[in-house]
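Asks: When you get a sec, could you give me coordinates for this:
(one chain, ligands or ions: 2)
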Amino acid sequence: MSTINIALLGYGTVGKGVYEIINSNQERFLTLLGQNVKVVAILVKDIDKHIPPKEGILLTDHFEDIIQLPKLDVVIEATVGVEPSFSHITRAIQRRCHVITANKEMFAHHGQEIIELAKTYGTTVGFEATVAGGIPIIQTLNKLLNINQVQKIEGILNGTTNFILTKMREEGLSFEEALSLAQELGYAEADPTNDVEGYDAFYKMMILSQVCFGQQPDWKAVFRKGITGITPDQIKHHDTTNLRIKHIASITKTEQGIEAILKPTIVQPSHPFYNVEGVENAVSIHANIVGNISLSGPGAGMYPTASAIVEDLIHACRTDVNEWHTSAVSQTSIV
Ligand SMILES: NC(=O)C1=CN([C@@H]2O[C@H](COP(=O)(O)OP(=O)(O)OC[C@H]3O[C@@H](n4cnc5c(N)ncnc54)[C@H](OP(=O)(O)O)[C@@H]3O)[C@@H](O)[C@H]2O)C=CC1
Ligand SMILES: N[C@@H](CC=O)C(=O)O
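Replies: Residues are numbered from 1 along each chain as shown. Ligands and ions are numbered 1, 2, ... in the order given. Sure, this is the predicted structure:
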């Protein structure tokens, strides 16, 4: 029986979750794919911090060791920042590997190029984990809404900020205490400024815009406001009148182009995001035929994110390459 050989780039919160899910679901992979699935190599930045999780797995801080492996089928990327991750993904596609990424910053910058390159080399690109953690929003948009045209998409797209706002309101934690808890739980970015100032949600908005509308707005024209200016007194004051502050992203297709806004917003109990609490995210899709669809679920953390990645892995391995790819490309082509 053949084996699907996987390289894992990054062995932090997400990488470890992916390894664990793959390792503990071998029988399920066999049922679903009729093949064994094996992590054969792991790339890290600082090799002294790590030991290989199992004998026989190559642990390295040199990407060349990985890309030169004699048999490599899938590269899963869960590292940080635009480079060297974009170069690694490019090399992996050129080696005709399927690629899957959780790295929204890199994908917001280069997603379209990656998809085009993968088309040339006949491989697939999975990026479900780049937006809203464990919520299957990318597959929903790419695969399940074809006749519909999406007009607007709104969401709580960052788990850390929603977690901080919830903890400040429910438990009276300070901003710093709530952030440090989010870091301990593996929700926050390596540099949490990305979360609290809204850069992380901004990248997710750009990816959603590309998927829904085939283009991104001019980045400089996007209004982005984080949650650092919100005081405990403001949260308390709104709570006394049953109002909550949520960090809401909104992306709308207009006749003038794409309008994107990210800001803290005061919501009433009747608002669909009022009860989206803690690390949960939510996405509301407004489409011309079906109307409104809302999805919610865990927006960050080891297992929800790894779940999205491993679901992409299953798709990459079992779906006919051309069929899967045509769908992704047609939805994401740059106008
Ligand atoms: N945490 C979450 O809930 C989610 C995270 N993501 C995204 O997934 C990615 C990983 O996140 P997370 O696991 O939390 O981050 P961590 O900081 O926990 O882990 C990052 C891993 O990447 C490795 N790494 C960083 N830079 C390099 C490099 N230049 N070369 C090789 N390896 C490198 C690190 O190596 P070393 O250990 O040696 O330092 C580490 O193993 C990020 O892009 C993040 O935005 C997406 C959805 C949710
Ligand atoms: N830091 C991010 C992780 C998931 O994308 C978040 O908190 O949402």
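Asks: excluding its backbone neighbours, what's nearest Ser307?
Replies: Gly134 (5.0 Å; CB to CB, 6 or more residues apart in numbering). Placement of C-beta: from N, CA and C, glycine included.
Asks: residues in contact with that neighbour?
Replies: Contacts for Gly134 (CB atoms under 8 Å, 6 or more residues apart in numbering) come out as 297-299, 303-305, 307-308.
Asks: Just say helix, strand or coil for it.
Replies: Secondary structure, DSSP: H, G, I helix; E, B strand; the rest coil: Gly134 is coil.
Asks: so what's it scoring on pLDDT?
Replies: pLDDT for Gly134: 97.
Asks: So stretch 15-26, near ligand 2 or not?
Replies: No. Counting by CB under 6 Å from any ligand atom, ligand 2 is not contacted by stretch 15-26; separation bottoms out at 11.9 Å.
Asks: Please point out which parts of that stretch sit buried.
Replies: 15-19, 21-22 (16 or more other CB atoms under 10 Å).
Asks: Equivalent analysis for stretch 119-134, please.
Replies: So for stretch 119-134, counting by 16+ other CB under 10 Å, buried means 119, 123-134.
Asks: Now intersect these with the helices, please.
Replies: Among those, the members falling in helices (DSSP state H) are Lys119.
Asks: of the buried residues of stretch 119-134, list those near ligand 1.
Replies: 129, 133.
Asks: Using just helix, strand and coil, how would you label Leu59?
Replies: strand.
Asks: what's the burial count for it?
Replies: Counted with other CB atoms under 10 Å, the neighbours of Leu59 add up to 16.
Asks: same deal with the one 10 residues further on?
Replies: With neighbours defined by other CB under 10 Å, the count for Leu69 comes to 14.
Asks: who are the neighbours in contact with it?
Replies: If you count contacts by CB under 8 Å, 6+ apart, Leu69 has them with 5, 7, 40-41, 58.
Asks: Which among the residues you listed count as buried?
Replies: Buried members of the contacts of Leu69, scored by 16+ other CB under 10 Å, are 5, 7, 40-41.
Asks: Which ones among those lie within strands?
Replies: 5, 7, 40-41 (DSSP state E).
Asks: Would you mind checking which of those residues is nearest to ligand 2?
Replies: Ala7 (21.8 Å; CB to the nearest ligand atom).
Asks: okay, that closest one: pLDDT?
Replies: pLDDT at Ala7 comes out at 98.
Asks: The one 10 residues further on now?
Replies: Model confidence at Gly17, expressed as pLDDT, equals 98.
Asks: First-to-last residue distance for stretch 178-191?
Replies: This stretch, stretch 178-191, spans 15 Å end to end (CA to CA, to the nearest Å).
Asks: residues in contact with it?
Replies: Stretch 178-191 is contacted from outside by 12-13, 80, 159-160, 163-164, 167-168, 173, 192, 195-196, 200, 279, 300-302, using CB under 8 Å, 6+ apart.
Asks: Can you tell me which residues in the stretch 201-335 of the chain are near ligand 1?
Replies: Going by CB under 6 Å from any ligand atom, the residues of the stretch 201-335 of the chain near ligand 1 are 300-301, 305.
Asks: and Pro269, that's in a helix?
Replies: No. Checked against three-state DSSP, Pro269 lies outside a helix; its state is coil.
Asks: That one and ligand 1: what is the separation?
Replies: Going from Pro269 to ligand 1 by CB to the nearest ligand atom, to the nearest Å gives 28 Å.
Asks: isn't that residue right up against Thr241?
Replies: No. Between Pro269 and Thr241 there is no contact under CB atoms under 8 Å: 10.4 Å.
Asks: so which strand or helix has Gln151?
Replies: Using DSSP states H and E, Gln151 maps to strand 150-156.
Asks: Can you spell out which helices and strands pack onto that strand?
Replies: helix 199-213, strand 244-254, strand 280-287 (3 or more CB pairs under 8 Å, 6 or more residues apart in numbering; DSSP states H and E).
Asks: what about the last one and ligand 2, touching?
Replies: So that's strand 280-287. No. Strand 280-287 stays out of contact with ligand 2 when judged by CB under 6 Å from any ligand atom, the minimum separation being 6.9 Å.
Asks: of all the helices and strands packed on strand 150-156, which gets the most neighbours per residue?
Replies: Among those, ranked by average contacts under mean count of other CB atoms under 10 Å, first place goes to helix 199-213 (a mean of 24).
Asks: where exactly do the helices run in the stretch 51-200 of the chain?
Replies: Assigned by DSSP state H, counting those that start in this stretch, the helices in the stretch 51-200 of the chain fall at 63-67, 85-94, 104-121, 137-139, 159-171, 175-184, 193-196, 199-213.
Asks: Now do the same contact list for the residue of the stretch 201-335 of the chain found nearest ligand 2.
Replies: For the stretch 201-335 of the chain, the residue closest to ligand 2 is Ala300, as judged by CB to the nearest ligand atom, at 3.7 Å. Going by CB under 8 Å, 6+ apart, Ala300 touches 133, 158-160, 163, 186-188, 279, 281.
Asks: Spatially, which residue comes closest to Leu141, not counting chain neighbours?
Replies: Val211 (5.1 Å).
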